[in-house]
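**Q** next come a sequence and a model predicted from it.
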Amino acid sequence: DSGVTQTPKHLITATGQRVTLRCSPRSGDLSVYWYQQSLDQGLQFLIQYYNGEERAKGNILERFSAQQFPDLHSELNLSSLELGDSALYFCASSVTGSDTQYFGPGTRLTVL
Amino acid sequence: AQSVAQPEDQVNVAEGNPLTVKCTYSVSGNPYLFWYVQYPNRGLQFLLKYITGDNLVKGSYGFEAEFNKSQTSFHLKKPSALVSDSALYFCAVRARGSARQLTFGSGTQLTVLP
């Protein structure tokens, strides 16, 4: 158990809908990263937050957004969902100054 | 831009034999290199990392990796494979001084046969 929690574990929704994925980092970790794992794209970095502020952006679609709250938990919002958004979404966290990221168990999103 | 190549989608090895999972990277400047393992329906677990210093890095569960700058490689090794080592292995890289997000390889499925 990495100490990173993600909810929900599974999410099934329809095209065009909007969902929110939640992540709680390890105690004391200020950095949160979101990754998408799909069969065709592999594991791709989406976005990073540090202590509430956006730090880096990767291959994140404009339909997706994220934020990190004062209690350091983070949410990834996915809107106007398409079939191709079906994937595993991972959150990871790291302590300040460390390069080691610890991953949560992931949220499996299925868009029908 | 940085990238990672894991040239083998699948590696099969007999239990008790040594295993190697290959990784090569491309990055500007000096790299930070990582290995993660993913078991079915689980998140990624950190195995080991190379930041600086000794080219041979030891990690969790008896795994080690050797950084080779001239060959831009960071192969994962274990002297004696266990059936329980069967999983999906990912190599990742980031450039020193760059933002901390990782670039992952496509993964290698390791199967250890009893």
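**A** All right, it came through fine. Numbers count the residues shown, from 1 in each chain, chains lettered A, B, ... in the order given.

**Q** skipping adjacent residues, who's closest to residue A:42 in space?
**A** Closest residue to residue A:42 apart from its sequence neighbours, by Cβ to Cβ, 6 or more residues apart in numbering or on different chains: residue B:106 at 5.0 Å. C-beta: built from backbone N, CA, C; applies to glycine.

**Q** point out where chain A drops to low pLDDT.
**A** By pLDDT under 70, chain A contains no weakly predicted segment.

**Q** which residues sit in contact with the most centrally placed residue in it?
**A** A centroid search over chain A (Cα atoms, centre = their mean) returns residue A:34, at 3.5 Å, as the residue closest to the centre. Residues counted as contacts of residue A:34 (Cβ atoms under 8 Å, 6 or more residues apart in numbering or on different chains) are A:23, A:45-48, A:60, A:66, A:74, A:76, A:89-92.

**Q** same question for residue A:41.
**A** Counting by Cβ under 8 Å, 6+ apart, residue A:41 touches A:59, A:87.

**Q** what segments of chain A are strands?
**A** With DSSP state E as the criterion, chain A has strands at A:5-7, A:10-13, A:19-24, A:31-38, A:42-50, A:53-57, A:64-68, A:74-78, A:87-94, A:102-103, A:107-111.

**Q** ah, wrong one, I meant chain B
**A** Per DSSP E, chain B has strands spanning B:3-5, B:10-14, B:19-21, B:24-26, B:31-38, B:44-50, B:56-58, B:64-68, B:73-78, B:87-95, B:103-104, B:108-113. These are given in chain order.

**Q** return the most buried member of those strands.
**A** Mean neighbours per residue, mean count of other Cβ atoms under 10 Å in any protein chain shown, is largest over the strands of chain B for strand B:31-38, with a mean of 24.

**Q** helices or strands next to that one in the packing?
**A** The contact analysis (3 or more Cβ pairs under 8 Å, 6 or more residues apart in numbering or on different chains; DSSP states H and E) places strand B:31-38 against strand B:44-50, strand B:64-68, strand B:73-78, strand B:87-95.

**Q** the longest one pairs with which strands?
**A** When you say that, I think you mean strand B:87-95. strand B:31-38 (antiparallel), strand B:103-104 (antiparallel), strand B:108-113 (antiparallel) (DSSP bridges).
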